[in-house]
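In: here is my input, please return the structure:
(4 chains)
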2 protein chains.
Amino acid sequence: MSRADPGEVLAALGDPTRQQIVTRLASGQARTATELARDLPITRQGVAKHLATLRDARVVHREEVGRESRYRLDRDAIAAARSWIADVEATWDARLDRLADLAERDD
Amino acid sequence: MSRADPGEVLAALGDPTRQQIVTRLASGQARTATELARDLPITRQGVAKHLATLRDARVVHREEVGRESRYRLDRDAIAAARSWIADVEATWDARLDRLADLAERDD
DNA sequence: CAGATGTGCAACTCCATGGTTGCGTGTTGT
DNA sequence: ACAACACGCAACCATGGAGTTGCACATCTG
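Out: Residues are numbered from 1 along each chain as shown, chains lettered A, B, ... in the order given. Okay, the predicted model is just below:
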């Protein structure tokens, strides 16, 4: 089972509708596509497609219960994306530190 | 000067090519579109368009020097995106904590 | 000044994808 | 058993955006 690819997760989180879905899933219970569609201006199938791409990116996983399937956040994938961004920041900071060193050494 | 919108930043970071550009910009100096295009399988104009959307999302800002314009990372916007993700995680964690409370109270 | 280099802008493809409708199937509950 | 509900899948449409080429303009250099 391959781990979540940060880049893919970022791409999944890039869409505004999917951002809303993720927000909904974070603040409440695991929800079904039909429930989510009630809050959104798109159809159930539209939501379902978004959930599919979120599932491909491992941001979400499906739990089938009887005739309905509920979707739950997968914390690890989201953490991977945050980690990627944090790495960019860290690298950037390191570069600034080097510049600071040069400035000091310049005195 | 309106601040960076996390959603817009996420969208900007969603594209794989732009992810590479951001990585390049994080690990080195401010670069020009022509320089970046050398590392990438697309033309300079392609890179320029990506830099434009990164600039719209405040992920990057332009520094015009003579006839060339160099692009530099804007740390704040990236931090905003990371913060958004962190919020999702925090909300999710808080929900899990509430569940734990209920479980305890259930004993 | 003339050529080389760097850039931005505009027009043009083309494909990925967000969104829809329609349908068939499985589950629930009365 | 049967109606209502929930879902997945497939076909379809339209728009956006990634990428290209072409060109005009600005800047540097010999």
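
In: next, count neighbours for residue A:79.
Out: When neighbours are counted by other C-beta atoms under 10 Å in any protein chain shown, residue A:79 registers 17. (Glycine included, C-beta is placed from N, CA and C.)

In: same question, residue A:52
Out: Neighbours of residue A:52 under the rule other C-beta under 10 Å: 13.

In: what's the answer for residue A:30, then?
Out: 16.

In: phi, psi of it?
Out: phi -60, psi 130 (degrees, to the nearest 10).

In: before we move on, what about residue A:71?
Out: Torsion angles, degrees, to the nearest 10, at residue A:71: phi -110, psi 140.

In: again, but for residue A:68
Out: Dihedral pair for residue A:68: phi -110, psi 150, per degrees, to the nearest 10.

In: keeping just the C-alphas, turn stretch A:77-91 into PDB.
Out: Taking C-alpha atoms only, stretch A:77-91 is exported to PDB below (Å, rounded to 0.1, in the frame of the first residue of the first chain):
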ATOM      1  CA  ALA A  77      -2.300  12.200   4.000                       C
ATOM      2  CA  ILE A  78      -3.200  15.700   5.200                       C
ATOM      3  CA  ALA A  79      -0.200  15.700   7.500                       C
ATOM      4  CA  ALA A  80       2.000  14.800   4.500                       C
ATOM      5  CA  ALA A  81       0.900  17.800   2.600                       C
ATOM      6  CA  ARG A  82       1.500  20.100   5.500                       C
ATOM      7  CA  SER A  83       4.900  18.500   5.900                       C
ATOM      8  CA  TRP A  84       5.800  19.300   2.300                       C
ATOM      9  CA  ILE A  85       5.000  22.900   2.800                       C
ATOM     10  CA  ALA A  86       6.900  23.000   6.000                       C
ATOM     11  CA  ASP A  87       9.900  21.600   4.200                       C
ATOM     12  CA  VAL A  88       9.800  24.400   1.700                       C
ATOM     13  CA  GLU A  89       9.600  26.900   4.500                       C
ATOM     14  CA  ALA A  90      12.500  25.200   6.300                       C
ATOM     15  CA  THR A  91      14.700  25.200   3.200                       C
END
